[in-house]
Structure formats: structure tokens, C-alpha cells
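>>> Below are the sequence and a predicted model; questions follow.
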Amino acid sequence: MSEAVNFQRMRQELIEIYEKFLENPGDESIQKKIIEYDRNFGGLQVYNDYLKSRPVPKDIEVALGGLSMIYQYGLWEDDKEHEAFSDEKIVSEAKKILEELRKS
């Protein structure tokens, strides 16, 4: 049996995740939550690559992509290899994503 994705609920969950991240970017518990959420739902954004109807709303597509940016490139590791993803840039992008999620 397949289930429909509730994008409104997903948007609320993403807002909560981004708010918690921005409150305390170095918190390991939010890092784990981000990784778990990305593992569970990160693949949804590729539906927009394959389906003409683009079923995943743009703000959610961007927010899901932002989760992997957060946990892969910063704030928990000293990663000089990916300097384009400085802590300041990641926090700045997270704020923009949160703002877009709240607008929808």
C-alpha cells in the first residue's frame, strides 16, 4: 500500500528542524535529527527531476537539499576541503530556507 506524502506536515517538520538548528547549530541531537530526516525523505526531491508535474513543492525541495548541505559540509567538522561551505554561509542559507518555508 502506498501512502500520499503530506507536504503541509513535512513543511512544519522542516520548519521545526531548521528552527532548532538555528537556535543551536552545534547541537549533536539536531545533527542526528537532520541526518535521520534526510535519510527518510531526502530522496523525494528527485521526483521533480523525473516527473513533469514536479510534485514536490519548491520550498520543500530546497529545504531537503539544505539538510544534506548542513550535515555534509559544516558546523560539526573542521573541513577545510569545502571552504565554500563556511559555517556562516551554512547558517545564512538555513535562515533563507526557513524564511521560504514559513512563507508557504
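Looks like it came in fine. Residues are numbered from 1 along each chain as shown.

>>> can you tell me the helix or strand for the most centrally placed residue in the chain?
With distances taken as CA atoms, centre = their mean, Leu67 lies nearest the centre of the chain, 2.9 Å away. Here Leu67 is covered by helix 58-73, with elements defined by DSSP states H and E.

>>> by contact count, what packs against that helix?
With contacts taken as 3 or more CB pairs under 8 Å, 6 or more residues apart in numbering; DSSP states H and E, helix 58-73 sits against helix 7-23, helix 28-41, helix 87-103. C-beta here means a position set from N, CA and C on the backbone, and glycine is covered the same way.

>>> Measure how far it is from the centre of its chain, please.
Average the C-alpha atoms of helix 58-73, do the same for its chain, and the two points are 3 Å apart (CA atoms, centre = their mean, to the nearest Å).

>>> Tell me who's in contact with the residue nearest to the centre of the chain.
The contact partners of Leu67, by CB atoms under 8 Å, 6 or more residues apart in numbering, come to 17, 34, 37-38, 42.

>>> Against Glu61, how distant is it?
Plainly put, Leu67 is 11 Å away from Glu61 if you go by CB to CB, to the nearest Å.

>>> and of the helices and strands packed on helix 58-73, who's closest to Asn48?
helix 7-23 (12.3 Å; CB to CB).

>>> Centre of the chain to that closest one, how far?
Chain-centre distance of helix 7-23: 8 Å, with CA atoms, centre = their mean.

>>> And that helix, what's buried?
Of the residues in helix 7-23, those buried under the neighbour-count criterion (16 or more other CB atoms under 10 Å) are 7, 10-11, 13-15, 17-18, 21.
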